[in-house]
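1. Quick check, what structure comes out for this input:
(one chain, ligands or ions: 1)
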Amino acid sequence: MLEQIRTTYPLVYRHFSAIDRGEEHLRSILSIDRYWEQLSLPVPDVLRAGTRMTSGNEISGSYDIIYAGGTLGILHAAVMAKRYGFRVLVIDKGEPARSTRDWNISRSELHRLADTGVFTKDELEACIVRSYRTGWVEFHAPEERRKRLYIDDVLDCAVDADKLLGIAKKRLLETEGSKVMGRTAFTACYRFADHVVVEAAGSDGIPLRFRAKLLVDAMGIVSPVAMQLNGGRPQTHVCPTVGTIASGFEDADYDVGEILASTEPAELSGRGGRQLIWEGFPARGEEYITYLFFYDSVDSPNDKSLLGLFETYFRKLPEYKKPGTGFTIHRPVYGIIPAYFHDGIGCTRVIADDRILLLGDAASLGSPLTFCGFGSIVRNIDRLTTRLAALLDQDALGRESLAGVSAFEHNVASMANLMKYMCYDARTDEPNFVNEMMNEVMIVLDDLPQRYRQAMFRDEMTIDELVTVMLRVAWRYPKILAATWTKLGFAGSTGFLKNMAGWAMAGSSKK
Ligand SMILES: Cc1cc2nc3c(=O)[nH]c(=O)nc-3n(C[C@H](O)[C@H](O)[C@H](O)COP(=O)(O)OP(=O)(O)OC[C@H]3O[C@@H](n4cnc5c(N)ncnc54)[C@H](O)[C@@H]3O)c2cc1C
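-> Model prediction:
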């Protein structure tokens, strides 16, 4: 497979040839990139009426819940098994409890997982491979106007995702009647009045069938279930992200996290343009994680493939962090971070159907602004599991009841609109538009108490905090008003207002 990209993606070829399991990672990247083809194919038909199930295959096991997808799925499943005693089956087409990325989060947020009873505080502490003194955000602007905004207690702990998920898997397997199966891909779900039958394919291709009361879809952005339930358009915006865990940089500061950093104006191409943004996070020992990403609408003409972005990453990396003579890549990290614009006062995305519940990136309810899909589940794990346990006990597993088991947060939905300003549009924007605007936001945040910036980057903003920031930015940088029209348009602007109205009506200042 690597040989096939030797001339088309020469830098990816060179670096991946030297990485452990490089070929396997390339395969995984290409399978995520298939997302773009899927958008133009007929809507998948994986949720089927029970009457369509052919006879023949036996049921290999019965459970309360089947999870398709073993990353955030296994975290949720462990709580349902350990805390509530449900029998769960987790299937994953790859290796369950292994992530293609690592996570950053603040210590106080991570510690909330101890309330689930699945982890002790000591175990959570042991998953933190490094914590930083502080972090900063900085956008490319003339030096005399450039504001580097320092933020404490935000994304300042690097978490070993596999270790955390490994503990969840262990706890799950300690409970009676629960099981985890790798190399087992979800293929279809047949729905009956009082149960579902999930069909999967093992590595030998032999179809398997399992019975349960409920299917939880945790297959991430590539989920065919999410694609079907959302009419073939499961996301409105995306944030393709690639990077590496490497060692041997000459200029990495191991005490400080670089939360967002841009080093140049938007990169223009024949197809449009992208405002590339970096992140840099120290990790275990000498390891340092660098990410390159951009925000975009799903429908833009830009190349949004991870493969193409990896080629750009390797080309531009030395402009961000200098690889020294001992530079070594330990592992690539990658994925498409999903985003969804809710055109209404509440959640307008389909995240549930009869006996089906979507979770994690499949539900696409996290904020793309700061990569916080893991943070979103940590914040919401209590209600996501308590409510579901109650519904399972009552066997109230219809679409409407399940829709209430969601990580939707009014503040996150409103804040996600800000991401639209960060999607560079070559037709309307000056090449440095995103940087200049974000630089002004940083100046405004710098004038406000720390809690504003912390709330913004931890998805915890209250409505009055967001309004304060928006008014101050508009006062300092009136261009943003015109940009609102060009970037959001009539539908987007009224949608933003609807989101804000929903947030205000929800009563609670945060959710
Ligand atoms: C590079 C990167 C860095 C990030 N950093 C952070 C961070 O610092 N902090 C934070 O809060 N968030 C972060 N995020 C976001 C976070 O990683 C995601 O929100 C989270 O991983 C979503 O988990 P998920 O289980 O929903 O989906 P995924 O992680 O995509 O996992 C989906 C799982 O489903 C499996 N699967 C797919 N198809 C099938 C099938 N047909 N059958 C069975 N299994 C299937 C896959 O093998 C995979 O294991 C980052 C994201 C990226 C891309």
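2. near the ligand, anything from the longest strand along the chain?
-> Using DSSP state E, we find that the single longest strand of the chain is strand 323-339. Yes - Strand 323-339 comes into contact with the ligand (Cβ under 6 Å from any ligand atom), by way of 333, 334, 335, 337. Using the backbone N, CA and C atoms, a C-beta is placed for each residue, glycine as well.
3. gap between residue 177 and the ligand?
-> 21 Å (Cβ to the nearest ligand atom, to the nearest Å).
4. closest point of this structure to the ligand, which residue?
-> For the chain and the ligand, the shortest gap (Cβ to the nearest ligand atom) falls at residue 373, measuring 1.6 Å.
5. Could you list the contact residues of the chain toward the ligand?
-> 68-73, 91-94, 99, 101, 103-105, 185-186, 218-220, 222, 241, 243, 291, 333-335, 337, 360-362, 366, 371-375.
6. before we move on, the earlier item: which residues touch the helix or strand following the longest strand of the chain?
-> Downstream of strand 323-339, the first helix or strand assigned by DSSP states H and E is strand 352-353. Residues outside strand 352-353 that contact it (Cβ atoms under 8 Å, 6 or more residues apart in numbering): 47, 229, 358, 399, 402, 403, 405, 406.
7. Pairing partners for strand 352-353, with directions?
-> Sheet pairing for strand 352-353, assigned by DSSP bridges, gives strand 356-358 (antiparallel).
8. Buried among the residues of the chain next to the ligand? Make that a PyMOL selection.
-> Applying 16 or more other Cβ atoms under 10 Å to the residues of the chain next to the ligand, the buried members can be selected in PyMOL as follows:
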select buried, resi 68+69+70+71+72+73+91+92+93+94+99+101+103+104+105+185+186+218+219+220+222+241+243+291+333+334+335+337+360+361+362+366+371+372+373+374+375
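9. Among the residues of the chain next to the ligand, name the ones in helices.
-> 72, 73, 373, 374, 375 (DSSP state H).
10. And the residues you listed, which is closest to residue 427?
-> In terms of Cβ to Cβ, no member of these lies closer to residue 427 than residue 373, at 30.1 Å.
11. tally of neighbours for the nearest residue to residue 277 once chain neighbours are set aside?
-> Closest residue to residue 277 apart from its sequence neighbours, by Cβ to Cβ, 6 or more residues apart in numbering: residue 262 at 5.1 Å. Residue 262 has 23 neighbouring residues, counting by other Cβ atoms under 10 Å.
12. Next: the one 10 residues further on.
-> By the other Cβ under 10 Å criterion, the neighbourhood of residue 272 contains 17 residues.
13. got it, and the one 4 residues further on?
-> Residue 276 has 21 neighbours, counted by other Cβ under 10 Å.
14. And for residue 394?
-> The burial count for residue 394: 9, using other Cβ under 10 Å.
15. do residue 1 as well
-> So residue 1, with other Cβ under 10 Å, has 11 neighbours.
16. Now do the same contact list for it.
-> By Cβ under 8 Å, 6+ apart, the contact set of residue 1 is 23, 26, 27, 30.
17. just to revisit the earlier point, please list the members of the contacts of strand 352-353 that lie in strands.
-> Counting by DSSP E, those contribute 47, 358 to strands.
18. which of the contacts of strand 352-353 has the most neighbours?
-> residue 358 (30 neighbours).
19. can you give me the strands in the stretch 251-400 of the chain?
-> 256-261, 267-269, 272-274, 277-282, 288-293, 296-297, 323-339, 352-353, 356-358 (DSSP state E, counting those that start in this stretch).
20. circling back: hmm, the residue of the chain closest to the ligand is touching residue 360, no?
-> Yes - using Cβ atoms under 8 Å, residue 373 makes contact with residue 360 at a distance of 6.4 Å.
21. Give the intersection of the neighbour lists for these two.
-> What both residue 373 and residue 360 touch, as defined by Cβ under 8 Å, 6+ apart, is the set residue 72.
22. about what we covered before: next, give me the two most distant ones among the ones in helices among the residues of the chain next to the ligand.
-> 73 and 375 (16.7 Å).
23. And this structure, split by domain according to the record?
-> Using automatic domain parsing, the domain parsing of the chain gives 47-130+158-232+347-408, 411-505.
24. helices or strands up against the host helix or strand of residue 227?
-> For residue 227, the host element (DSSP H and E) is helix 224-229. For helix 224-229, the contact count by 3 or more Cβ pairs under 8 Å, 6 or more residues apart in numbering; DSSP states H and E identifies strand 47-49, strand 185-191, strand 207-217, strand 356-358 as packing neighbours.
25. can you rerun that using 7 Å?
-> With contacts taken as 3 or more Cβ pairs under 7 Å, 6 or more residues apart in numbering; DSSP states H and E, helix 224-229 sits against strand 356-358.
26. which residues are contacting the strand it packs on?
-> 47, 189, 214, 215, 216, 217, 225, 226, 351, 352, 402, 405 (Cβ atoms under 7 Å, 6 or more residues apart in numbering).
27. now those: which count as buried?
-> Looks like the contacts of strand 356-358 have 47, 189, 214, 215, 216, 217, 225, 226, 351, 352, 402, 405 buried, using 16+ other Cβ under 10 Å.
28. OK, contacts around the residue of the chain closest to the ligand?
-> 337, 360, 361, 366.
29. Surely the last one and residue 372 touch.
-> Yes - here residue 366 lies in contact with residue 372, judged by Cβ atoms under 7 Å, at a distance of 5.6 Å.
30. returning to what we had before: and which of the contacts of strand 356-358 is nearest residue 490?
-> residue 351 (26.7 Å).
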